[in-house]
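Colleague: what's the 3D shape of this:
(one chain, ligands or ions: 2)
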Amino acid sequence: MECIFCKIAQKELPTKLIYEDNLVVAFDDLHPRAPIHKLIIPRKHIATLNDITDIDMPLIGHILHTAQKLAKDCDIAEQGYRVVNNCNAGAGQTVFHLHFHLLGGREMSWPPG
Ligand code: AMP
Ligand code: ZN
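Modeller: Ligands and ions are numbered 1, 2, ... in the order given. Just a heads-up that it's a prediction; the model follows:
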């Protein structure tokens, strides 16, 4: 399957992983939109948030727990950070392998555009 994030998770691309375990991997976004911009993805290929099912609930919890851990590691937990999923093209999704953006290190405006 031609999925760039599957390739990153399977180490078929030279992307440096900042975190990995049996369920997820995390790495820096190629085009950072904030001083801290990391992506957390499941190893399992899931195209969008619309495609998760009951069996994925522990995985989604684990992704958010990983976001919390990385935010602490990057020292942005106290000042604040944002975890974002863009679901489908209308929301800005460009890579169709489920991923959560972890953004921080600057003030965030609300609502997002
Ligand atoms: P989205 O627009 O929500 O689908 O987010 C996809 C993100 O993946 C974008 O922020 C891209 O900059 C990022 N991205 C695409 N290819 C790579 C890559 N090879 N390594 C790291 N980040 C990537
Ligand atoms: Zn994939």
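Colleague: for the protein, longest helix please?
Modeller: For the chain, the longest helix by residue count, based on DSSP state H, is helix 57-73.
Colleague: who's in contact with the residue nearest to residue 49 when sequence neighbours are not counted?
Modeller: In space, and not counting its chain neighbours, residue 49 is closest to residue 87: 4.3 Å by CB to CB, 6 or more residues apart in numbering. C-beta: built from backbone N, CA, C; applies to glycine. Residue 87 makes contacts with 48, 49, 50, 93, as judged by CB atoms under 8 Å, 6 or more residues apart in numbering.
Colleague: got it, and residue 112?
Modeller: Contacts for residue 112 were tallied using CB under 8 Å, 6+ apart; they are residue 84.
Colleague: how close does it get to residue 9?
Modeller: Separation of residue 112 from residue 9 (CB to CB, to the nearest Å): 27 Å.
Colleague: ok, back up a step: in helices, which of the contacts of residue 87 fall?
Modeller: Among the contacts of residue 87, no member lies in helices (by DSSP H).
Colleague: restricted to buried residues, select the residues you listed in ChimeraX.
Modeller: To isolate the buried ones among the contacts of residue 87 in ChimeraX, judged by 16 or more other CB atoms under 10 Å, type:
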select :48,49,93
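Colleague: residue 32: which of the contacts of residue 87 is nearest?
Modeller: Of all the contacts of residue 87, residue 32 sits closest to residue 93, with 17.6 Å by CB to CB.
Colleague: which one is that closest one nearest to, not counting chain neighbours?
Modeller: In space, residue 93 is closest to residue 86, 4.2 Å off (CB to CB, 6+ apart).
Colleague: where do the helices sit along this protein?
Modeller: 4-9, 57-73.
Colleague: the ones you listed into TSV, with extra columns for mean neighbour count, distance to residue 81 and mean pLDDT?
Modeller: Output for the helices of the chain, formatted as TSV (neighbours: other CB atoms under 10 Å; distance: least, CB to CB, whole Å; pLDDT from 0 to 100):
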stretch	mean neighbour count	distance to residue 81	mean pLDDT
helix 4-9	18	21	98
helix 57-73	15	5	98
